[in-house]
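Colleague: Generate coordinates for the sequence data below:
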Amino acid sequence: MHRIFISDLHLEEPNSNSFLKFIELMKIVSTRVDEIYILGDLVEMWIGDDDKSPNASQLRIILKSASSTCKVYIMHGNRDFLIGEKFCDATGTSLLEDPYVIDDHILLSHGDILCTDDEEYQAARILFRDPSWQKEILEKPLAEREMLGRALRAQSTEANANKNVNIMDANENTIIEQLKKHNADLLIHGHTHRPGQYVNRIVTGAWEANGWLCRQKDQTFQLECFSLANHYGSETSHLDQ
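Modeller: Numbers count the residues shown, from 1 in each chain. Okay, the predicted model is just below:
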């Protein structure tokens, strides 16, 4: 089995380095791997499956192309929790619950459910994932949803600026509890923007200064870092366990 796991791309502008590298990556790896897992925050903001912006339109094209040659799975993050089945149907992708177990022992998560020290965020997460709240939001006009999304992003940025950075990291006890609950021995997640490879956990990095992915080949897992400015694969480095 050959898979890759990515998260926290926070894509916005189709002409940005991160968006162009995502397109390049998907074109290359979709012909070489069996499965691609996008573990949340593919985009900086998703306001509904009816979005016709250049960002949304380009995503539909590249994901549809990738899913024609390999399986592509999407998990909600804290920025794109409004991605729905209509988008997945249009792109040939599959939406996963968070957390989700594969191969009976690998636990996948966006990672925000692990940050239990941040009680303020966890309360907001419950609201944003509530089906009634989402239905009410999605019934609003696109322009109003976009304004709301930008306001929520601004509030989040301001709130995080005033928090201890450790509060926003994954809680070790919660990690152990989740692994035990799901009978898993390996956890792969993103969200924290703190990439690393540990004994029982791999954290995928955010696509900021560099791009990140976790590659699985059978029972071997490798965290890879690559330039967003150069062609994919030209400067790939690895973080060994």
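Colleague: Could I get the full set of strands for the chain?
Modeller: For the chain, applying DSSP state E gives strands covering 2-6, 35-39, 71-75, 94-96, 100-102, 106-109, 186-189, 196-197, 201-203, 210-217, 220-227, 237-239.
Colleague: so the first one versus strand 210-217, what angle?
Modeller: Meaning strand 2-6. Angular relation of strand 2-6 and strand 210-217 on a 0 to 180 degree scale: 150 degrees, by axes from the mean of the first three to the mean of the last three Cα atoms, to 10 degrees.
Colleague: buried sites along strand 2-6?
Modeller: 3, 4, 5, 6 (16 or more other Cβ atoms under 10 Å). Glycine gets a C-beta too; all of them are placed from N, C-alpha and C.
Colleague: list the contacts for the nearest residue in space to the last one that is not next to it in sequence?
Modeller: Right, the one you point to is residue 6. Nearest in space to residue 6, with sequence neighbours left out and distances taken as Cβ to Cβ, 6 or more residues apart in numbering, is residue 213 at 4.8 Å. Going by Cβ atoms under 8 Å, 6 or more residues apart in numbering, residue 213 touches 4, 5, 6, 25, 204, 223, 224, 226.
Colleague: coming back round to it: of the strands of the chain, which approaches residue 13 most closely?
Modeller: Within the strands of the chain, the stretch nearest residue 13 is strand 210-217; the backing value is 15.7 Å (Cβ to Cβ).
Colleague: centroid residue for this protein?
Modeller: For the chain, the residue sitting closest to the mean C-alpha position, by Cα atoms, centre = their mean, is residue 40 at 2.1 Å.
Colleague: For that residue, report the pLDDT, please.
Modeller: Taken from the predicted model, the pLDDT recorded for residue 40 is 97.
Colleague: cool, and residue 157?
Modeller: The predicted local confidence for residue 157 is 78.
Colleague: and if you look at residue 69?
Modeller: For residue 69, the pLDDT comes out at 97.
Colleague: Disregarding flanking residues, what is the spatial nearest neighbour of it?
Modeller: If the residues on either side of it in the chain are set aside, residue 69 comes closest to residue 30, at 4.8 Å by Cβ to Cβ, 6+ apart.
Colleague: residues making contact with the biggest helix by length in the chain?
Modeller: In the chain, taking DSSP state H as the definition, the longest helix is helix 142-161. The contact list for helix 142-161, computed with Cβ under 8 Å, 6+ apart, reads 44-45, 47-48, 50-51, 79, 120-121, 137-138, 140, 168.
Colleague: which among these end up buried?
Modeller: 44, 45, 47, 48, 51, 79, 121, 137, 168.
Colleague: what about the residue nearest to residue 23 when sequence neighbours are not counted, neighbour count?
Modeller: Across the structure, with Cβ to Cβ, 6+ apart as the measure, the residue nearest residue 23 apart from its sequence neighbours is residue 62 (5.2 Å). Residue 62 has 19 neighbours, counted by other Cβ atoms under 10 Å.
Colleague: Please apply the same query to residue 105.
Modeller: Here the neighbour count serves as a burial measure; for residue 105 (other Cβ under 10 Å) it reads 12.
Colleague: now residue 101
Modeller: When neighbours are counted by other Cβ under 10 Å, residue 101 registers 13.
Colleague: Many thanks, I have nothing further to ask.
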